[in-house]
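S.K.: fold the following, please.
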Amino acid sequence: MTTVPMQPNYANHVLVASPSNVVRQRVLESLRSPVRRFEQASGGAEALVHLESGFWQVLFLDRHLPDLDAEELSQTVRQRFPAIEVVLLDPEGDTEPTAIEEKGNRLPEVWPALSQNKSKSKDNYDDEAEPLPSAQSILEAPLPGMIGTSRIMHPVYRLARLLAPRNTTVLITGPTGCGKEVVARAIHQLSPRAGRTFAVVNCAAIPETLLEAELFGYARGAFTGAMQSYAGRIQAAQGGTLFLDEIGDMPLSLQPKLLRFLEQKELQRLGSAEVVRVDARVVSATNAHLLSLVREGKFREDLYYRLCGFPIEIPPLRDRPEDIAQLAGHFLEKYAAPLPAPQLSAEALQLLKAQPWAGNIRELQSVIERALILCEDRVVIHPEHLLLADSSFRNSH
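M.R.: Residues are numbered from 1 along each chain as shown. Take a look at the predicted model:
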């Protein structure tokens, strides 16, 4: 006799997506039927990962997600996973995750509100409506603070959103001026740590003799001039994110101490025997090729692999010319405010797109700021207003 395998019972498979741990726990407590599987996500991108990798009956979706628009995400889920019931939650109408946390103990029971919060079924939508956005397109939308929709940037946006809810260490690479710190800030802003400190340390800007004290802190009297204790940048990032910019310039002598912090999540201040535990997510960035530095003996291999929990590479501006018009327009509005911004002539825009942009977005920003000054009160910026770094390149076009 042939045995026909039974279909698995997917009933009561519940996924809840909310930046608030209180909300997620109240959803679980409020369910009056046995739950066979219950998973949690702190944001929309993480919820999409769960949806792609399992079978679910109900998705509880907080209207106030930190990374994606809940209404747009709910439509996408209905389109791609029509069997899943989407329940939109609006805890007391608060719009900030911190407010949701504070009022979590006063939230009404979730289950009785299902009939009021259920999203429309697929059959209730107009067949002639515009196509709903795909999960992929939502993940690949520009990050907070970033401009540009070129296809080459889609992996950057997608990876940043997928990484944001996790504590994975991230190594952001790319040439100078391409926006590595902007990506790092977006990861922090989209993470559950968004309400805490984003501490920045530029390893290239602080002298080697001071960098250890700046990072790890020091006790009073640890050295001449240490009149009072200093916690240090790492401890300042407690509960938040530590961004180590230009990590390739980290002195070799300090790398073992940083490695110990990454492995043990603890540190000792200069001049102190006290061990301090710090919960900080580490995101680092560099324009150097770290593996080359490892081969040259200038960077520890074990530290490299600790920092590179997940790499994100940002392409240079010359590889995304379709974003230049939007970036230039943004800088024109920024520097012209509060006055109306002038427009770029077609010839000026063509010239900008033809540039090699060795300094990337930072260089473009400077060119636009200078052009705005040189065009005086004109409403159009022409090629002669563009003071480019390589004048011979400009004159040849």
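S.K.: need the contact list for G297.
M.R.: Going by CB atoms under 8 Å, 6 or more residues apart in numbering, G297 touches no other residue. Where you see a C-beta, it was placed from the backbone N, CA and C, and this is true even at glycine.
S.K.: repeat the analysis, applying 10 Å as the threshold.
M.R.: When the contact criterion is CB atoms under 10 Å, 6 or more residues apart in numbering, the partners of G297 are L252.
S.K.: before we move on, what SS does it have?
M.R.: Assigned state for G297: coil (three-state reduction, DSSP: H, G, I helix; E, B strand; the rest coil).
S.K.: for S74, see how far away it is.
M.R.: Separation of G297 from S74 (CB to CB, to the nearest Å): 53 Å.
S.K.: give me the neighbour count for the closest residue to A222 other than its chain neighbours.
M.R.: Computed as CB to CB, 6 or more residues apart in numbering, the closest residue to A222 that is not its neighbour in sequence is G271, at 2.6 Å. Neighbour count for G271, taken as other CB atoms under 10 Å: 15.
S.K.: what do you get for T176?
M.R.: Using other CB under 10 Å, the number of residues around T176 comes to 14.
S.K.: E274 now?
M.R.: The burial count assigned to E274 is 8, neighbours taken as other CB under 10 Å.
S.K.: what's the local residue count around E363?
M.R.: Applying the criterion other CB under 10 Å, we find 18 residues in the vicinity of E363.
S.K.: averaged pLDDT, stretch 25-32. What do you get?
M.R.: Confidence for stretch 25-32, expressed as mean pLDDT, is 76.
S.K.: show me where pLDDT drops low in the chain?
M.R.: Across the chain, the ranges flagged by pLDDT under 70 are 1-12, 32-36, 53, 91-137, 390-397.
S.K.: what's the domain layout of it?
M.R.: Structural domains annotated on the chain: 13-124, 140-206+235-262+274-313, 318-395, as defined by automatic domain parsing.
S.K.: out of those, nearest to G221?
M.R.: Each of these has some distance to G221 by CB to CB; the shortest is domain 140-206+235-262+274-313, at 14.0 Å.
S.K.: OK, contacts around K265?
M.R.: If a contact means CB under 10 Å, 6+ apart, then K265 has 234, 276-280, 282 as its contacts.
S.K.: surely P356 touches R318?
M.R.: Yes: shown here, P356 and R318 form a contact pair, counting by CB atoms under 10 Å, at 5.5 Å.
S.K.: how close does the spatially most central residue of the chain get to G232?
M.R.: When CA atoms, centre = their mean is applied to the chain, the residue found nearest the centroid is I187 (1.9 Å). Counting by CB to CB, the gap between I187 and G232 amounts to 22 Å.
S.K.: also E369?
M.R.: 35 Å.
S.K.: in the protein, which spans are strands?
M.R.: 13-17, 37-41, 58-62, 85-89, 170-173, 198-202, 241-245, 266-268, 275-277, 281-286, 310-313, 343-344, 380-381 (DSSP state E).
S.K.: what is the burial count for E46?
M.R.: Using other CB under 10 Å: E46 sits among 24 other residues.
S.K.: E214 touches P207, doesn't it?
M.R.: Yes: applying CB under 10 Å, one finds E214 in contact with P207, separated by 9.4 Å.
S.K.: quick one: which of these two has more around it?
M.R.: E214 (17 against 8).
S.K.: picking that back up, I'd like the domains of the chain written out as JSON lines, with distance to G221 added.
M.R.: Listed next are the domains of the chain as JSON lines, based on distance: least, CB to CB, whole Å:
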{"stretch": "domain 13-124", "distance to G221": "39"}
{"stretch": "domain 140-206+235-262+274-313", "distance to G221": "14"}
{"stretch": "domain 318-395", "distance to G221": "42"}
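S.K.: of these, which is nearest R220?
M.R.: For the domains of the chain, distance to R220 was read as CB to CB. The smallest value, 12.4 Å, belongs to domain 140-206+235-262+274-313.
S.K.: run the chain-centre distance for that closest one.
M.R.: Relative to the centre of its chain, domain 140-206+235-262+274-313 is centred 11 Å away, using CA atoms, centre = their mean, to the nearest Å.
S.K.: over to stretch 266-274?
M.R.: On CA atoms, centre = their mean, the centre of stretch 266-274 falls 31 Å from that of its chain.
S.K.: and T76, how close does it get to Y305?
M.R.: Distance check for T76 against Y305: by CB to CB, it reads 36 Å.
S.K.: check contacts around the closest residue to S191 other than its chain neighbours.
M.R.: Take S191 and drop its neighbours on the chain: the residue closest to it by CB to CB, 6+ apart is A164, 4.5 Å away. The neighbourhood of A164, defined by CB under 10 Å, 6+ apart, consists of 42-43, 45-46, 66-67, 143, 170, 186-194, 281.
S.K.: for A285, give me its contacts.
M.R.: Under the criterion of CB under 10 Å, 6+ apart, the neighbours of A285 are 170-174, 178-181, 183-184, 202-203, 243-248, 307, 312, 314.
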